[in-house]
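Q: Provide a 3D model corresponding to the input given below.
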Amino acid sequence: MRSDVYLFFDGNCEEAMLYYQDIFDGKFEMIMRYSEGPPEFSSPEIANKIMHATLSFGTNSQIKLSDSFEEPLVKGNNSNISITADDEESGYAIFDGLADGGKTTMPYAEVFWGGKFGSCIDKFGIQWMISAPANDNS
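A: Now for the predicted structure:
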């Protein structure tokens, strides 16, 4: 299992990514723009904005980043704790536990990028993103 910080920006994610890359001497493992995702998640205004980026640095550290256009961002709601579970079942158990007594913002389900993902706000107001790789049934 792994835990990372996921930061959201109001249209200036690319500027922040390059800033953090320079500070942490990092390497981008992934950069996906909204235009590269499903059409229902994009529009001409945001097509070139960042849907997801992963910046790796140090021995085993990452920051995940995204431009968010679903709701106004204010200090305090622009970060999540991102958990990558070892498998779908343990991901569901973690998600279910965190969502209990809180609010599900995206149900834990299969996603277009592979595996499963869900997000919630726990009963203490902490925002969580839980993902798991697809089960290998080969």
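Q: and Ile83, what are its bridge partners?
A: Counting by DSSP bridges, Ile83 is bridged to Ser3, Ile130.
Q: wait, doesn't it sit right on Ile94?
A: Yes - if you go by CB atoms under 8 Å, Ile83 and Ile94 touch, sitting 6.1 Å apart. All C-beta atoms are positioned from the backbone trio N, CA, C, and that covers glycine.
Q: give the residues shared as contacts by these two.
A: Common contacts of Ile83 and Ile94, defined by CB atoms under 8 Å, 6 or more residues apart in numbering, comprise Ile130.
Q: and Ser3, what pLDDT?
A: As predicted, Ser3 sits at a pLDDT of 83.
Q: and what of the one 10 residues further on?
A: For Cys13, the pLDDT comes out at 91.
Q: swap in Ser119?
A: Value for Ser119, per-residue pLDDT: 95.
Q: what helix or strand does it sit in?
A: Taking DSSP states H and E as the criterion, Ser119 maps to strand 116-121.
Q: and that strand, how far out from the chain middle?
A: In terms of CA atoms, centre = their mean, to the nearest Å, the centre of strand 116-121 is found 9 Å from the chain centre.
Q: give the partner strands of it in its sheet and their orientations.
A: Sheet pairing of strand 116-121 (DSSP bridges) gives strand 103-110 (antiparallel), strand 127-132 (antiparallel).
Q: who touches it?
A: With contacts defined as CB under 8 Å, 6+ apart, strand 116-121 is touched by 80, 88, 91-92, 95, 98-99, 102-111, 127-132, 134.
Q: let's see it at 7 Å
A: Strand 116-121 is contacted by residues 80, 88, 91, 95, 98-99, 102-111, 127-132 when judged by CB atoms under 7 Å, 6 or more residues apart in numbering.
Q: tell me the buried residues in stretch 29-48?
A: Ile31, Arg33, Tyr34, Ser42, Ile46 (16 or more other CB atoms under 10 Å).
Q: least confident of the residues you listed?
A: For the buried residues of stretch 29-48, the pLDDT minimum is Ser42, 78.
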